[in-house]
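Colleague: Following is a predicted model, sequence given first.
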Amino acid sequence: MSSHNRKYVSIILIGLLVLFVLFSFFPVLIMVLTSFKSKMQVSMGIFQLPDAIQWDNYKRAFDTVVPFALNSIIIAVCAVAGVVFVAALAAYSFARFRFPGREILYYLVIALMMVPAVLLLIPMFKLVVGMGMLNTYAVVILPQIASGCIIAVFLLRSFFAGLPEDLFESFRIDGAREGRILRSLVLPLSKPILGTIAVLNFHSSWNDYIWPLVTINDKALKPIVTGIMTFSNEYATEYGPMMAAYVLASVPLMLVIGFAMKYFVDGLTSGAVKA
Amino acid sequence: MSTYGLNLLRSIYRNKHAYLFLLPLIALLGVFSYYPIVMALKMSFYQWKGGNEAIFIGLDNFVALFKDATFYKSLTNALWFILFDCTIGVLMPLFIAELLFHLKSARLQYVFRTLFVITITVPSVILILVWVFLYNPVVGGMNVIVELFGISPQLWLGGSDTALFSVIFSGFPFINPIFLLVVFAALQAIPRSLIEASVMEGCGAWRRILSIDIPMIMGQLKLIFILGILHGMQAFYKPLIMTNGGPGNETLVPGLYMFQSGFSHNDFGYASTIGFVMLIMMLALTFASNKLIKSDGD
C-alpha cells in the first residue's frame, strides 16, 4: 500500500470514529444543552442553542438532587465496602486453605452467576417484607453485597491463588495469624484487583433501579435513580430544571469512574471477563 | 468412629479459620440467593395472591400461562429485543473495535477508547429518561430529525406502530462500552506474527478480518452473543420506564409482565411461574447457542 493510500485510510478511520463518538454522546449533549434553557427556549426545539444560560435551573435542581445523591452515596459506599470485605475473606479461604467441602462450596457460589436476577425479584421481595426490612438502607445494600460477591470471589480467588507461597511462609514463621496475613500481606498486594472490584460495584450500585423502586418508597431514603422519577413527575413539563437534575445525578458516578478509569478498563480487559 | 471420620473431623477443626472466613458469604448468599431461588421454583406451583396463604395448585399456573395470549405477545416482543442484541449488539462493538485496532497511533486508540467508555458514567436510567424527552412528539427532537429524511411526524413511544421500535432504538448507536473493551482486548491479544504473516502474503484488510480476526476472537463474540440473549430475554427497565408496556401490550416483555403480575396484580404465584418459564427458556437458548457456535475455547 502506498503511503498516500495509507493516509486516506487513517483519515477515514478517524472520521468514522469521531462520527460514532458523536452518536454515543448525542443524548448526553442534548441533556446538557437543554439543562441551560428556559421553558420558552425548550419549546423552540432541541437543537436551538440557549441565548441566555439559565443557571437558575441548576439552583432549583440542586436542592432536590442532593438528598437523593447522598442516599446513593451511602448505599454505594456500604455496598462496595461490604463486597470487598466479604469477598476478600471468602476468596482467601478458597485460595489458601485445603478444607473438606471446598470444591462444592466454591461451585455453589460460582453457579449463581448463571441465575438471572429477574427470577429472584418476587421471592426476595416477599422475604424482605417478612423481615420488616422495607424502607431501610439495608434492604438495598445487603442484596447488592450478595450479588456483587459472586464475581468478586471468582476474581479474587484466582488472584490470591497466584501469590507466591514463599511470602506466606515468611509471615507464618514470624507467627502471624491468618487474619494478620490477610490484612498486611494479601490485601496490600491486591490493590489493583480490589480497585477494579470497587469501581465495578460502585457503578452497578448507582445504576440499581428495579429493586430500590419496589423496596423504598420513603422519599427521604430513595437513591438517586428512583428519586429522580419523583422529580420528573413534580416538574412535569419543565424540562430545563429536569435536565439539570439529570446532569447533577450523573456527576458523582462520573467523578468516581473518571478517577478510577484505569481500574475500570484494566478490570474489563485483563481477562476479568473471559469467554 | 472410623479413622476416616476422625480424620475428617480433625481436618475440619484444623481449617476452622477457613470456615470462619466463609461464614459471611454463606450467610448472605443463603438468605439473598439460595432461599429466593428455592422459593421462586416452589411458588410456581402455588396460588399466592395478596396477603393470602399460598395454596398448592400443581401445574395450574403453567397451564394458564400457556393459554395466556398476553404472555405470547410479550415473548414476541422479547424476540425483537433478542434479535437486536444478538446482531447489531454484537456487530457494532466489533466494528468499532476493528476501527480502533486499525488506527496506527496508540495515543489515538487510547483517546477514542476512553471516549467510548466515558458514556458509561451516565446512569442508564437517566439516559433512558433523556430518550423519553427526545421522543416527545412536541418538544423532543426526533420529529425534527426524521423530517430531514422526509418522514412525517410520529407519536414514537405513544404510537402502537412505533412504540416497540422506539424503545429498541433508544440503544442507538448500540455500542456497549464493556463489549467494546472485551472485543478490543481480544483483538490486541492476537499474536503479532500472525498479522505480519498475513500482510506478507498480501492479505487485504477485509480478508484478514474475516479469516484471522473473527476466528481468533470467536470466544468473546460468542460470549457477547449469549449475554445478548440473556439481556434481551430478561431486561425490562426500558419498557418499564418508557412505556410501562404500552400502548396496549405493544412493548410488554416477559420480565415486565412478571413484574406487573407480582407488584400491580399481587399475583405472586403466577409471577413466579413466568420467572420459572423465562429461566428454562434462557437456559435452553444459552445451551443451543453454545452448541451451535464453535470457538477455540471449547
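Modeller: Looks like it came in fine. Residues are numbered from 1 along each chain as shown, chains lettered A, B, ... in the order given.
Colleague: Pretty sure A:Pro67 sits against A:Ala220.
Modeller: Yes. Counting by C-beta atoms under 8 Å, A:Pro67 touches A:Ala220, with 7.1 Å between them. Any C-beta I mention is one placed from the backbone N, CA and C, and that applies to glycine too.
Colleague: quick one, which of those two is more surrounded?
Modeller: It is A:Pro67, of A:Pro67 and A:Ala220, that has more neighbours when counted by other C-beta atoms under 10 Å in any protein chain shown, with 15 against 10.
Colleague: Any figure for the gap between the more buried one and A:Asn207?
Modeller: Distance, A:Pro67 to A:Asn207, using C-beta to C-beta, to the nearest Å: 19 Å.
Colleague: How many neighbouring residues does residue 165 have?
Modeller: Reading this off chain A. That count, for A:Glu165 with other C-beta under 10 Å as the rule, works out to 7.
Colleague: let's do chain B instead
Modeller: Neighbour count of B:Phe165, defined by other C-beta under 10 Å: 16.
Colleague: what do you get for A:Leu213?
Modeller: Using other C-beta under 10 Å, A:Leu213 has 20 other residues around it.
Colleague: Repeat that for A:Val118.
Modeller: Using other C-beta under 10 Å, A:Val118 has 24 neighbouring residues.
Colleague: Contact partners for it?
Modeller: Contacts for A:Val118 (C-beta atoms under 8 Å, 6 or more residues apart in numbering or on different chains) come out as B:Gln234, B:Phe236, B:Gly255, B:Met258, B:Gly275, B:Met278.
Colleague: Does it belong to a helix, a strand or coil?
Modeller: When classified by DSSP: H, G, I helix; E, B strand; the rest coil, A:Val118 comes out as helix.
Colleague: buried ones in the helix or strand harbouring B:Asn290?
Modeller: Element membership for B:Asn290, per DSSP states H and E: helix B:268-292. Residues B:268-279, B:281-282, B:285-286 are the ones in helix B:268-292 that count as buried (16 or more other C-beta atoms under 10 Å in any protein chain shown).
Colleague: same question, stretch B:177-196
Modeller: Under the neighbour-count criterion of 16+ other C-beta under 10 Å, stretch B:177-196 has B:177-187, B:190, B:195 buried.
Colleague: how about that stretch, does it get close to chain A?
Modeller: Yes. Residues of stretch B:177-196 contacting chain A under C-beta under 8 Å from any C-beta of the partner chain: B:Ile178, B:Leu181, B:Val182, B:Phe184, B:Ala185.
Colleague: Show only the entries of those residues found in helices.
Modeller: Members of those lying in helices (criterion: DSSP state H): B:Ile178, B:Leu181, B:Val182, B:Phe184, B:Ala185.
Colleague: With respect to A:Lys262, which of these is nearest?
Modeller: The nearest member of those to A:Lys262, counting by C-beta to C-beta, is B:Leu181 at 12.5 Å.
Colleague: the strands in chain B, which residues?
Modeller: B:46-47, B:55-56 (DSSP state E).
Colleague: so who does the closest residue to B:Pro239 other than its chain neighbours touch?
Modeller: Computed as C-beta to C-beta, 6 or more residues apart in numbering or on different chains, the closest residue to B:Pro239 that is not its neighbour in sequence is B:Thr251, at 4.5 Å. Counting by C-beta under 8 Å, 6+ apart, B:Thr251 touches B:Asn77, B:Ala163, B:Leu164, B:Val167, B:Pro239, B:Met242, B:Thr243, B:Gly245.
Colleague: repeat that with 10 Å
Modeller: B:Thr251 makes contact with B:74, B:77, B:80-81, B:157, B:160, B:163-168, B:236, B:238-240, B:242-245, according to C-beta atoms under 10 Å, 6 or more residues apart in numbering or on different chains.
Colleague: same deal with B:Tyr72?
Modeller: Contacts for B:Tyr72 (C-beta under 10 Å, 6+ apart) come out as B:Leu65, B:Phe66.
Colleague: Can you give me the distance of it to chain A?
Modeller: The spacing between B:Tyr72 and chain A, counted by C-beta to the nearest C-beta, to the nearest Å, is 18 Å.
Colleague: can you list the weak-confidence ranges in the stretch 101-250 of chain A?
Modeller: By pLDDT under 70, the stretch 101-250 of chain A has no low-scoring segment.
Colleague: could you pull out the strands for it?
Modeller: Taking DSSP state E, counting those that start in this stretch to define them, one finds no strands in the stretch 101-250 of chain A.
Colleague: ok now the helix ranked longest in chain A, how far from the chain's centre?
Modeller: Secondary structure of chain A per DSSP H: the longest helix is helix A:55-96. Chain-centre distance of helix A:55-96: 8 Å, with C-alpha atoms, centre = their mean, to the nearest Å.
Colleague: try stretch B:245-255
Modeller: Relative to its parent chain, stretch B:245-255 has a centroid offset of 18 Å by C-alpha atoms, centre = their mean.
Colleague: Now it: buried residues?
Modeller: Judged by neighbour count using 16+ other C-beta under 10 Å, the buried positions of stretch B:245-255 are B:Gly245, B:Pro247, B:Asn249, B:Glu250, B:Thr251, B:Leu252, B:Val253, B:Pro254, B:Gly255.
Colleague: Among those residues, which one sits closest to chain A?
Modeller: Nearest to chain A among the buried residues of stretch B:245-255 is B:Gly255, at 5.0 Å by C-beta to the nearest C-beta.
Colleague: Nearest residue to the closest one in space, please, no chain neighbours.
Modeller: B:Phe236 (3.3 Å).
Colleague: Might one say that the one you found is in contact with B:Ile128?
Modeller: No. Between B:Phe236 and B:Ile128 there is no contact under C-beta atoms under 10 Å: 11.8 Å.
Colleague: Skipping its backbone neighbours, what lies nearest the spatially most central residue of chain B in space?
Modeller: With distances taken as C-alpha atoms, centre = their mean, the residue of chain B nearest its centroid is B:His231 (1.6 Å). Nearest residue to B:His231, sequence neighbours excluded (C-beta to C-beta, 6+ apart): B:Asp85, at 5.6 Å.
Colleague: Identify the residues contacting the one you found.
Modeller: Neighbouring residues of B:Asp85 by C-beta under 10 Å, 6+ apart: B:168, B:171, B:174, B:176, B:224-225, B:227-233, B:235.
Colleague: helices or strands up against the strand or helix carrying A:Val28?
Modeller: Per DSSP H and E, A:Val28 falls inside helix A:3-35. Helix A:3-35 sits against helix A:39-42, helix A:55-96, helix A:239-259, helix B:88-102, helix B:106-118, helix B:124-134, with contacts defined as 3 or more C-beta pairs under 10 Å, 6 or more residues apart in numbering or on different chains; DSSP states H and E.
Colleague: Quick one: closest of these to A:Leu29.
Modeller: Of all the helices and strands packed on helix A:3-35, helix B:124-134 sits nearest to A:Leu29, with 9.9 Å by C-beta to C-beta.
Colleague: Which one among the buried residues of stretch B:177-196 sits at the bottom for pLDDT?
Modeller: Lowest pLDDT among the buried residues of stretch B:177-196: B:Ile195, with 82.
Colleague: That one reaches B:Ala189, doesn't it?
Modeller: No. Between B:Ile195 and B:Ala189 there is no contact under C-beta under 10 Å: 11.5 Å.
Colleague: shared neighbours, those two?
Modeller: Contact criterion C-beta under 10 Å, 6+ apart; residues shared by B:Ile195 and B:Ala189: B:Met216.
Colleague: Tell me the one among the residues of stretch B:177-196 next to chain A nearest to B:Arg107.
Modeller: Closest approach between these and B:Arg107, by C-beta to C-beta: B:Phe184, at 15.2 Å.
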